[in-house]
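Enquirer: sequence below, structure please.
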Amino acid sequence: MRQTFDIRGGPQLGRKNLPKLRMCLGEMGLDYFYIPHEDEYQNEYLPDANERLSWATGFTGSAGAAIIGQSMAIVFVDGRYTLQAADQLDPDLFETAGLPDPGPFGWLSAQDLSGKSIGYDPRLMSPNDLDVLKKSSNAAGATLVRVDKNPVDLAWVDRPAEPLSPVIPYPIEFAGVS
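Expert: Residues are numbered from 1 along each chain as shown. Predicted coordinates for the structure are as follows:
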């Protein structure tokens, strides 16, 4: 995959896809869902098939996260993407907050979500992030729910295919050791 500088995304994606995601969350019995930008391989630059944050919100930056609820949605972006987030997120649908401060985990810790459930996809979480998500959910009084099927993937009916290309061995003269 190569990085391009074509800006995709935008408010129309959030307007179109947020209701689909919320419907799926309701069907799964979830009050909230955590969407990191990372994919199963912890990549920063993702193939189109793994741009879950962009699909759900319209935000296409390479660093971010979101917490989506039935009546609220907040997207966390770092300083590099403040202007881009303002252009790409519908302010009637999404709040924005800083990444890392407060970040999704800091924001979550400060909420009162007693009796609420927060879903997460364990394939998209590093062990450290999962530990912090658990602590933040506990601090908020929420129940953390591991999902086997990501609700974004379930709601995303026209999802692009996963990239498929041959594996090419890296030559030893560049690797230095076998």
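Enquirer: what about residue 82, distance to residue 143?
Expert: In this view, residue 82 and residue 143 are 33 Å apart by C-beta to C-beta, to the nearest Å. Where C-beta positions appear, they are placed from N, C-alpha and C, glycine not excepted.
Enquirer: what about the helix or strand harbouring residue 173, distance to the chain center?
Expert: For residue 173, the host element (DSSP states H and E) is helix 172-175. Chain-centre distance of helix 172-175: 36 Å, with C-alpha atoms, centre = their mean, to the nearest Å.
Enquirer: between residue 82 and residue 143, which one's more packed in?
Expert: It is residue 143, of residue 82 and residue 143, that has more neighbours when counted by other C-beta atoms under 10 Å, with 16 against 12.
Enquirer: and the more buried one, what does it touch?
Expert: Going by C-beta atoms under 8 Å, 6 or more residues apart in numbering, residue 143 touches 115-118, 137.
Enquirer: mind listing the residues bridging to it?
Expert: Beta bridges link residue 143 to residue 117 when assigned by DSSP bridges.
Enquirer: residue 31: neighbour count?
Expert: 19.
Enquirer: distance of it from residue 159?
Expert: Noted for residue 31: a distance of 24 Å to residue 159, by C-beta to C-beta.
Enquirer: what do you get for residue 46?
Expert: 12 Å.
Enquirer: same thing with residue 13?
Expert: Distance check for residue 13 against residue 159: by C-beta to C-beta, it reads 13 Å.
Enquirer: how about residue 114?
Expert: The value you get for residue 114 to residue 159, if C-beta to C-beta is used, is 35 Å.
Enquirer: who has more neighbours out of these two?
Expert: Set residue 114 next to residue 159 and count neighbours by other C-beta under 10 Å: residue 159 wins out with 16 against 9.
Enquirer: which of the three states applies to the more buried one?
Expert: On the three-state scheme (DSSP: H, G, I helix; E, B strand; the rest coil), residue 159 is labelled coil.
Enquirer: same thing with residue 148?
Expert: Going by three-state DSSP: residue 148 is coil.
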